[in-house]
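Chemist: Need a 3D model of the following:
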Amino acid sequence: MNAVRVACAAAVLSMAALPASSQAPAAPPAAAGVQPPMNDFTQAFYRCDGGLAFMMSYDGEKPQTADMLTNDDGRHYALKRRASESGVEFAGGGARFWTDGKTVVVEGAKSAFRNCKMKTG
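Modeler: Presented below is the predicted three-dimensional model:
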């Protein structure tokens, strides 16, 4: 058992000595500081064409996960943040949410959410 620990420790130390260029690239710089629109309760409500709506609940001010609740079937989608070249993207459970603060894209939900706008106030 100790031999395994020593081998693992040696592998970790040798990886730490690699030059910085061989490490995994960071998130795209355009998306690094972008945060999704939300209210004081780290939520956002969206109204869409055809009476459809959904709510996004984020895990904090700089969210890494979100829960999307749709009004068409009351389904919850557990989403994780993904790297995005522009805007903010969350995906999981077959659904995807993306916004740049003006345009909203929702894919994979039961209904087609189109022309969605964040409800304010």
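
Chemist: So what sits opposite the residue nearest to Lys117 when sequence neighbours are not counted in the bridge?
Modeler: Excluding its sequence neighbours, the residue lying closest to Lys117 (CB to CB, 6 or more residues apart in numbering) is Arg47, at 6.0 Å. For every residue, glycine as well, the C-beta is placed using N, CA and C. Bridge pairing for Arg47 (DSSP bridges) gives the partners Ala53, Lys117.

Chemist: check contacts around Arg47.
Modeler: Ala53, Cys116, Lys117, Lys119 (CB atoms under 8 Å, 6 or more residues apart in numbering).

Chemist: State the mean pLDDT of stretch 62-73.
Modeler: Here stretch 62-73 scores 95 as its mean pLDDT.

Chemist: now what about that stretch, what contacts it?
Modeler: 35-36, 42, 52-59, 75-81, 90, 95, 97, 106, 109-111, 113.

Chemist: residue ranges of the strands in this protein, please?
Modeler: 43-47, 53-58, 65-70, 76-82, 88-92, 95-99, 104-107, 117-118 (DSSP state E).

Chemist: about what we covered before: please type out the PyMOL selection for whichever of the contacts of stretch 62-73 turn out to be buried.
Modeler: Paste this into PyMOL to select the buried members of these, with burial taken from 16 or more other CB atoms under 10 Å:
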select buried, resi 36+42+52+53+54+55+56+57+58+77+79+81+90+95+97+106+109+113
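
Chemist: Sketch out the low-pLDDT regions of the protein for me.
Modeler: Under the criterion pLDDT under 70, the flagged ranges of the chain are 1-33, 121.
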